[in-house]
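Visitor: Give me a 3D structure for the following:
(chains A and B)
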2 protein chains.
Amino acid sequence: MHFPKSPAVATDVLIFSVLEGKLCVLLIQIGSGPYKGKWALPGGLVEMKETLDEAALRILEEKAGVRGVYLEQLYTFGDVDRDVRGRSVSVAYFALVNGDHYNPRTTDYYAGIGWKDVRRLPAMAFDHKKVVEFGVKRLASKLAYSNIAYALLPREFTLSDLQSVYEVILGRTLDKRNFRKKIQEVKLVKETGSMRRTGANRPAKLYAFSQSRPTLVDVL
Amino acid sequence: MHFPKSPAVATDVLIFSVLEGKLCVLLIQIGSGPYKGKWALPGGLVEMKETLDEAALRILEEKAGVRGVYLEQLYTFGDVDRDVRGRSVSVAYFALVNGDHYNPRTTDYYAGIGWKDVRRLPAMAFDHKKVVEFGVKRLASKLAYSNIAYALLPREFTLSDLQSVYEVILGRTLDKRNFRKKIQEVKLVKETGSMRRTGANRPAKLYAFSQSRPTLVDVL
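Guide: As a prediction, the model looks like this:
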């Protein structure tokens, strides 16, 4: 059987990181064609012999040099006019990484690659501004009921470090006492037994996540 | 530009209802072809000039005679071998309805249509068993943090009716006192001022949902 004409299937990957106190997303700058100069998520068409997950991982590695991250399917975008070159739907994936560990590089086909502040996005190609905004909302809501932040922090961190990551993603400040109380209640983190001393400040206890794989917990 | 060969795009719709104390899904029986006699979700290919949401609504009406429901995108399934007829990906949608209001009917092309207990599914076509199981899990997790159950109940109901719906979907019994306490705390429902008298039982207060559109609340 041959299926009738139907939209092409693409995948786009949102990689988030917190860098210099800002929630950032990894973008590629398009080098030619109708979107020349605009920025886009690493993405591409799904091949006939790979699953959606496999396509997302392949494209992320090919176009951004990023591998070994845990990707989660976000949403499928299918506006009729989302790509001026033709009708396609895009299955978006997302992941959080500790940006210090990654040195993104892209192919010659693209004009550039870089981490961009999600709150000050450059001119974007396709419907990718909408995709990024959707991803930021999902991320903020996942903070409230999962340990997803573990992917953004080093192995050991202070409770202030953790609160900062929450505040950067949520885009608002949190009450320190309530935050710490809730974090302890739900056993999100555990003490490592070590302390960090910075300048003249009182040394701060270091913590680690109780789980270093995706788990549901009620944090907020 | 003409995109290279890529999987076809379909959509499949999960309509859930609670009927006779069971969580049910609306299925269609296939009348011919390699899946003849098997049951499937109402579904079909996305056309070039419609969005994914539009396709899901159109297909649900064409194939199951159901309209006017609030559909939510669930997940996109893309296993390479999910359809023996050719490579396709399917964007699944889901909704909850009060089954008493619907009289499903299908086209001549199908051998039958009916509500099936999600815990005793008949032989299923494609990857639809997996899709239904995924939907049931999502539904159960949404019960915990949203008012999604409003779509399953009549306008007025008792707290026992509400608890039954939760128990049927979760597949486990809930503690009556804790459930009622939490429901009141999060203001999921409000008293209507009316009572229901059944047989020799003490009359029961009737309630309505505080919101009759999708809202996030921490219920469980």
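Visitor: Please identify the buried residues of the lengthiest helix in chain A?
Guide: What stands out as the longest helix in chain A, according to DSSP state H, is helix A:128-145. Of the residues in helix A:128-145, A:128, A:131-132, A:134-136, A:138-140, A:142-145 count as buried by neighbour count, 16 or more other Cβ atoms under 10 Å in any protein chain shown. C-betas here are computed from N, CA, C, even on glycine.
Visitor: Of those residues, just say which sits nearest to B:Val9.
Guide: A:Val131 (17.2 Å; Cβ to Cβ).
Visitor: could you point out which element follows the longest strand belonging to chain A?
Guide: When chain A is parsed with DSSP state E, its longest strand is strand A:8-19. The element immediately downstream of strand A:8-19 (helix or strand, assigned by DSSP states H and E) is strand A:22-30.
Visitor: Walk me through which strands that following strand pairs with, and which way each runs.
Guide: Taking DSSP bridges as the criterion, strand A:22-30 forms sheet pairs with strand A:8-19 (antiparallel), strand A:39-40 (antiparallel), strand A:110-117 (antiparallel).
Visitor: so for that strand, what's the average pLDDT?
Guide: What strand A:22-30 shows for mean pLDDT is 95.
Visitor: orientation of that strand relative to helix A:128-145 in degrees?
Guide: On the basis of axes from the mean of the first three to the mean of the last three Cα atoms, to 10 degrees, strand A:22-30 is oriented at 150 degrees to helix A:128-145.
Visitor: Contacts only, for the nearest residue to A:Ser17 once chain neighbours are set aside.
Guide: Nearest residue to A:Ser17, sequence neighbours excluded (Cβ to Cβ, 6 or more residues apart in numbering or on different chains): A:Gly99, at 3.4 Å. Contact analysis of A:Gly99 by Cβ atoms under 8 Å, 6 or more residues apart in numbering or on different chains lists A:Ser17, A:Val18, A:Leu19, A:Cys24, A:Trp115.
Visitor: I'd guessed the third one sits against A:Val118; true?
Guide: No - distance between A:Leu19 and A:Val118: 11.0 Å, which falls outside the contact criterion (Cβ atoms under 8 Å).
Visitor: returning to what we had before: how about the strands paired with strand A:22-30, which one is nearest B:Glu191?
Guide: That would be, of the strands paired with strand A:22-30 and by Cβ to Cβ, strand A:8-19, which comes in at 43.9 Å.
Visitor: Distance from the chain centre to the closest one, please.
Guide: Taking Cα atoms, centre = their mean, to the nearest Å, the mean C-alpha location of strand A:8-19 is offset from the chain mean by 7 Å.
Visitor: average pLDDT for that strand?
Guide: pLDDT averaged over strand A:8-19 gives 95.
Visitor: In terms of neighbours, single out the busier of A:Leu19 and A:Val118.
Guide: A:Val118 (21 against 16; other Cβ atoms under 10 Å in any protein chain shown).
Visitor: Report pLDDT for A:Arg155.
Guide: Here, the pLDDT recorded for A:Arg155 equals 89.
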